[in-house]
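**Q** got a predicted structure plus its sequence, pasted below:
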Amino acid sequence: MTGKEKKAARRVLFVWLVFLAAVFVAPILVVLLNSFKGQFYITDEPFRLPTAETFVGLTNYAAGIAKTGFWQAFGYSLFITVCSVGVIVLFTAMTAWYITRVKSRPARIFYYLLVFSMIVPFQMVMFTMSKLANMLGLDNPAGIVFIYLGFGAGLSVFLFSGFVRAIPEEIEEAAMIDGCNPIQMFFLVVFPMLRPTAVTIAILNTMWIWNDYLLPYLVIGNKYKTIPIAVQYLQGGYGSRDMGALMALLVLSIVPIIVFYLTCQKHIIKGVAAGAVKG
């Protein structure tokens with residue numbers, strides 16, 4: 001392929017990627033624009049820009065927050081997301097390190113069971129899981145953290161294990177000679193080197209847990225409403241749906257995760273490549 005052909009191919013690829021980006025961003029822009037319109041204009045003119053007649057300022061945002069108890073739901077979502085991600089990163093890193101370094105048959109079997117859990121659809125276990133969570137007293141914001149640990153362990157251990165295999169064992173042997181016990185070795189030597197993969201796993205699990213609707217709805221229900229559940233309750237019955245408030249809450253719910261993703265996105269490709277390709 002000549003230089004001109006390569007440049008032409010890159011231009012075609014660039015145009016195609018811009019088109020795909022526009023397709024994916026367009027629905028978000030439509031929601032943002034409609035969040036500033038009166039609810040009667042949203043249905044009639046959903047794709048038009050707000051005008052002096054249709055623009056209502058922050059009225060929809062105030063109404064949505066008042067109707068759903070948004071800030072309480074925000075607090076529950078923040079607590080569950082932060083605690084779940086922290087627990088997943090810490091415990092799966094320790095598990096991956098142990099499985100990789102022990103190299104015993106039970107450790108390998110446990111590793112393959114965790115990998116197998118990644119392909120099991122959630123719908124297969126959701127009813128039995130919700131019943132078991134109720135029986136064990138896990139149907140609260142603190143208890144659901146451990147349920148998320150179980151569902152997030154497979155992918156996290158898989159990524160961490162790939163990175164741990166790339167760490168020379170001589171580093172750990174040197175730390176042991178210097179007097180480190182296994183706990184000190186993990187937290188002072190191994191875990192700092194797992195930072196790229198840890199950041200990637202934190203990003204992926206944050207986006208998943210923050211946006212998750214089905215698991216919190218089944219386990220903690222209406223008593224501890226997270227943001228996706230609060231947004232869903234604005235649907236109402238036929239004819240009573242407040243589309244303006246619904247659009248406003250959708251915007252408020254995605255702003256934190258977009259800011260978080262834009263802040264940390266540079267670590268995703270590096271961490272995934274380091275965890276899944278090395279070793």
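**A** Thanks, I have it.

**Q** roughly how far does the residue minimising distance to the centre of the chain sit from Ser161?
**A** Per CA atoms, centre = their mean, the C-alpha nearest to the average position across the chain is that of Met207, at 2.0 Å. From Met207 across to Ser161, the span is 22 Å (CB to CB, to the nearest Å). C-beta coordinates here come from the backbone N, C-alpha and C atoms, glycine included.

**Q** same question for Val189.
**A** 17 Å.

**Q** between the two, who's got more neighbours?
**A** Set Val189 next to Ser161 and count neighbours by other CB atoms under 10 Å: Ser161 wins out with 23 against 17.

**Q** that one against Tyr112, yeah?
**A** No. Counting by CB atoms under 8 Å, Ser161 stays clear of Tyr112, with 11.1 Å between them.

**Q** for this protein, give me the ranges with low pLDDT.
**A** 1, 235-240, 267-279 (pLDDT under 70).

**Q** quick check: domain ranges of it?
**A** 3-59, 62-276 (automatic domain parsing).

**Q** return the most buried member of the ones you listed.
**A** Mean neighbours per residue, mean count of other CB atoms under 10 Å, is largest over those for domain 62-276, with a mean of 17.

**Q** follow-up on the earlier one: secondary structure element holding the residue nearest to the residue nearest to the centre of the chain when sequence neighbours are not counted?
**A** Using CB to CB, 6 or more residues apart in numbering and skipping the chain neighbours, the partner closest in space to Met207 is Ile257 (5.9 Å). Assigned by DSSP states H and E, Ile257 belongs to helix 243-264.

**Q** quick one: contacts of that helix?
**A** For helix 243-264, the surrounding residues in contact (CB atoms under 8 Å, 6 or more residues apart in numbering) are 28, 31-32, 34-35, 37-39, 42-43, 56, 59-61, 63-65, 67-68, 70, 199, 202-203, 206-207, 210-211, 227-228, 230-231, 234-235.

**Q** now with 7 Å?
**A** 31-32, 34-35, 37-39, 42-43, 56, 60-61, 63-64, 67-68, 70, 199, 203, 206-207, 210-211, 227, 231, 234 (CB atoms under 7 Å, 6 or more residues apart in numbering).

**Q** so which of those belong to helices?
**A** Among the contacts of helix 243-264, the members found in helices (DSSP state H) are 31-32, 34, 39, 42-43, 60-61, 63-64, 67-68, 70, 199, 203, 206-207, 210-211, 227, 231.

**Q** so what's Glu169 closest to, chain neighbours aside?
**A** Using CB to CB, 6+ apart, the closest residue to Glu169 is Arg101 (7.5 Å).

**Q** with Val56 instead?
**A** Val56's closest residue in space is Gly38 (CB to CB, 6+ apart), at 5.0 Å.

**Q** next up, the contacts around that neighbour.
**A** Going by CB under 7 Å, 6+ apart, Gly38 touches 54, 56, 244.
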